[in-house]
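In: Based on what follows, work out the 3D shape:
(one chain, ligands or ions: 2)
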Amino acid sequence: MDEGRPRARAEERGGPGKGDGTTIVAPITPAGAGAVSLLRLSGPEAFPIALRMTGVDSSRVSPRTLSRCTVRGGKGEEIDSALVVFFPAPSSFTGEDVAEIHLHGNPVLVERAAAAACDLGASPAAPGEFSRRAFQNGKMDLTQAEALADLIAARTTGAARAALRQLKGGIGEAISPLRGQVVSLLTLLEASIDFSEDEDVPLLSSEQTLERVSELRAQVGRCLASYARGHRYRDGATVAIAGVANVGKSRILNRILGEERAIVTEVPGTTRDYLSGEVSLAGIPLRLVDTAGLRDALDPVEREGVRRSREIIASADLTLFVLDGSRPAHGGDLEAYREVADRPHLVLLNKRDLPAAEEGGRFRGPGRNGTIPLSAATGEGVGGLLRAIARDLAPEEDAIMAEAPLTRLRHVEAVRKADVALERAQEAVGNALSLEFIASDVRDAAQALAELTGEIAPEEVLDAIFSAFCIGK
Ligand SMILES: Nc1nc2c(ncn2[C@@H]2O[C@H](COP(=O)(O)OP(=O)(O)OP(=O)(O)O)[C@@H](O)[C@H]2O)c(=O)[nH]1
Ligand SMILES: [Mg+2]
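Out: Ligands and ions are numbered 1, 2, ... in the order given. I've put the predicted structure just below:
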């Protein structure tokens with residue numbers, strides 16, 4: 001191994017980037033039995049420790065190439081026959097010297113090997129510490145570190161795709177040019193301040209300043225709007241099924257889930273508590289919630305059920321309002337509809353296998369799709385229903401890949417802070433305040449955007465983000 005051959009001390013090569021100088025160790029594969037478990041060491045002593053543990057001859061190994069070895073404990077006792085690979089800094093996950101030992105997948109072996117590494121001077125890695133070092137050494141920005149956690153936790157293909165897009169630098173790519181524009185406006189403003197002492201002519205007229213700030217706010221607004229779609233891949237969406245008693249809500253739930261989840265009977269008021277099931281639709285994890293029929297119940301249990309139904313509807317991303325299409329709608333339907341009318345909803349005309357008596361015209365919400373006919377009994381129309389739900393909740397496939405939507409509240413807070421600062425700048429220009437005020441607001445906006453990608457990242461923020469990772473990430 002020539003360039004970057006594992007030597008006794010990493011410092012000989014100038015050492016890795018930032019870091020507290022410690023070498024950390026942790027398994028990076030899940031605990032439990034399996035074919036293989038990986039133990040990762042990262043830091044200035046990663047190579048000497050791994051070389052001692054595995055007994056491989058540093059002159060005979062190449063970087064990023066697996067070598068066979070025998071892992072031994074402190075007293076020379078054999079722990080496992082294994083493979084070891086060396087990633088010299090800075091071309092490693094953390095940007096530091098990294099050694100990885102491929103052990104057989106037995107937690108006892110992994111623990112003994114990790115203990116051996118600690119005996120040689122490594123310390124156990126804290127949750128998220130590998131990723132934190134990668135961030136600190138400039139291997140990824142903060143949104144990419146978050147994306148890595150999201151990718152690992154993704155429950156659907158769509159969630160994985162959105163996380164991958166973000167991991168490839170999506171948000172940073174969108175935010176960096178925006179921040180660049182904010183900074184260039186700031187530079188002009190600051191130059192105008194310096195200039196104005198000896199010249200009368202500002203570099204930017206107030207119209208030009210206003211125009212540039214408005215353009216920036218429009219971009220910031222588009223970024224914020226992407227959250228409504230982006231976060232659903234991560235957090236999923238809740239879809240409530242509501243309507244009066246006996247219209248077939250529970251049977252619709254069962255039909256979509258493909259299992260007899262809820263009790264279905266011809267007795268009105270069958271469902272008293274709400275119950276839910278999960279499906280994945282257009283890449284979004286959907287939580288479908290069947291609720292108690294909306295009506296003035298006398299029975300205290302049912303009344304509590306109805307109260308809970310209302311809560312679910314109030315917080316749902318979408319409500320499916322169900323009508324029984326085989327009978328004319330009555331006052332109860334209209335009253336129940338009022339509870340969902342100003343929330344996002346779709347109107348379903350169920351029991352299409354029976355002769356139709358209701359067309360649902362009165363229930364068409366403003367600007368909404370028409371009513372959706374279906375039969376929970378035969379399954380007819382369920383495909384159309386699922387497409388309508390997907391249209392309502394899922395972003396266009398192309399949009400995910402094109403725009404890398406904001407996926408976390410932290411992102412939204414940072415971008416909103418930038419927007420508020422730009423709004424203040426707009427007002428300051430409008431009120432003909434001095435350039436110092438305008439510049440200070442624009443500076444706040446630049447700072448908020450830098451916080452998003454982690455160019456400016458207070459320790460508490462980093463602690464909060466990385467401590468949510470598992471050990472080994
Ligand atoms: N023919 C026909 N019957 C249906 C259909 N959907 C539901 N039903 C029947 O309508 C009755 C009520 O169905 P549920 O699913 O229990 O209705 P619900 O809205 O959950 O009623 P509550 O829980 O009492 O509020 C049952 O007898 C179902 O078999 C359908 O599409 N066609
Ligand atoms: Mg029911």
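
In: rest of the way, CA atoms for contacts and neighbours
Out: OK.

In: For the longest helix along the chain, buried residues please.
Out: Secondary structure of the chain read by DSSP state H shows that its longest helix is helix 206-235. Judged by neighbour count using 16 or more other C-alpha atoms under 10 Å, the buried positions of helix 206-235 are 209-210, 212-214, 216-217, 219-220, 223-224, 226-227, 229-235.

In: Repeat that for stretch 387-395.
Out: If you call a residue buried by 16+ other C-alpha under 10 Å, then stretch 387-395 has these buried ones: 389-390, 392-395.

In: With stretch 102-114 instead?
Out: Within stretch 102-114, the residues that qualify as buried are 102-105, 107, 109-110, 112-114, counting by 16+ other C-alpha under 10 Å.

In: Likewise for stretch 304-324?
Out: Residues 305-306, 308-310, 312-314, 316-324 are the ones in stretch 304-324 that count as buried (16+ other C-alpha under 10 Å).

In: In helices, which of those residues fall?
Out: If you go by DSSP H, these have 305-306, 308-310, 312-314 in helices.

In: Nearest to ligand 2: which residue in the stretch 101-250 of the chain?
Out: Taking C-alpha to the ion, ligand 2 has its nearest neighbour within the stretch 101-250 of the chain at Ser250, 4.1 Å off.

In: In strands, which of the buried residues of stretch 102-114 appear?
Out: Taking DSSP state E as the definition of strands, the buried residues of stretch 102-114 contribute 102-105.

In: could I get those residues as JSON lines with pLDDT?
Out: As requested, these are arranged in JSON lines below (pLDDT from 0 to 100):
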{"residue": "His102", "pLDDT": "97"}
{"residue": "Leu103", "pLDDT": "96"}
{"residue": "His104", "pLDDT": "95"}
{"residue": "Gly105", "pLDDT": "93"}
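
In: As CSV, those residues with distance to ligand 2 would be great.
Out: Conversion of those to CSV gives the following (distance: C-alpha to the ion, whole Å):
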residue, distance to ligand 2
His102, 53
Leu103, 53
His104, 51
Gly105, 48
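
In: Just give me the closest of those to Asn137.
Out: His102 (25.0 Å; C-alpha to C-alpha).

In: Provide a list of residues in contact with that closest one.
Out: 36-39, 82-84 (C-alpha atoms under 8 Å, 6 or more residues apart in numbering).

In: What's opposite it in the beta bridge?
Out: Under the criterion DSSP bridges, His102 forms beta bridges with Leu38, Leu83.

In: and the stretch 151-300 of the chain, which residues reach ligand 1?
Out: On the criterion C-alpha under 6 Å from any ligand atom, ligand 1 has as its neighbours in the stretch 151-300 of the chain the residues 245-251, 264-271, 292-293.

In: before we move on, back to that, nearest to Cys470, of the ones in helices among the buried residues of stretch 304-324?
Out: Distances from Cys470 to those, taken as C-alpha to C-alpha, are shortest for Ile312 (31.9 Å).

In: Hmm, the closest one is touching Ala240, no?
Out: Yes. Taking contact to mean C-alpha atoms under 8 Å, the distance of 6.7 Å between Ile312 and Ala240 places them in contact.

In: list residues touching both of the two?
Out: The overlap between the contact sets of Ile312 and Ala240 (C-alpha under 8 Å, 6+ apart) consists of 289, 291.

In: Remind me which helix or strand Ser176 belongs to.
Out: Counting by DSSP states H and E, the element that carries Ser176 is helix 170-195.

In: Also compute the angle for that helix relative to helix 206-235, please.
Out: Using axes from the mean of the first three to the mean of the last three C-alpha atoms, to 10 degrees, the interaxial angle of helix 170-195 with respect to helix 206-235 works out to 160 degrees.

In: Show me how far helix 170-195 is from its chain's centre.
Out: When C-alpha coordinates are averaged (C-alpha atoms, centre = their mean, to the nearest Å), helix 170-195 and its chain have centres 27 Å apart.

In: helices and strands around it, which ones?
Out: Under the contact criterion of 3 or more C-alpha pairs under 8 Å, 6 or more residues apart in numbering; DSSP states H and E, helix 170-195 touches helix 206-235, helix 397-403, helix 435-453.

In: Residue numbers of the chain in contact with ligand 2?
Out: 250, 271 (C-alpha under 5 Å from the ion).

In: how is the chain carved up into domains?
Out: When the chain is parsed with automatic domain parsing, its domains come out as 10-128, 157-232+408-454, 236-397.

In: mind checking which of the ones you listed is nearest Asp463?
Out: Nearest to Asp463 among those is domain 10-128 (9.3 Å), distances taken as C-alpha to C-alpha.

In: which residues touch Leu422?
Out: Taking C-alpha under 8 Å, 6+ apart as the definition of contact, the neighbours of Leu422 are 213, 216-217, 441-442, 445.

In: so, if you compare those residues, which one comes nearest to Glu413?
Out: The shortest gap between Glu413 and any of the contacts of Leu422 belongs to Ala445, at 12.0 Å (C-alpha to C-alpha).

In: can you pull the pLDDT of the closest residue to the closest one other than its chain neighbours?
Out: Counting by C-alpha to C-alpha, 6 or more residues apart in numbering, Ala445 lies nearest to Ala418, which is 4.0 Å off, once chain neighbours are set aside. At Ala418, the pLDDT value in this model is 95.

In: Lovely, talk soon.
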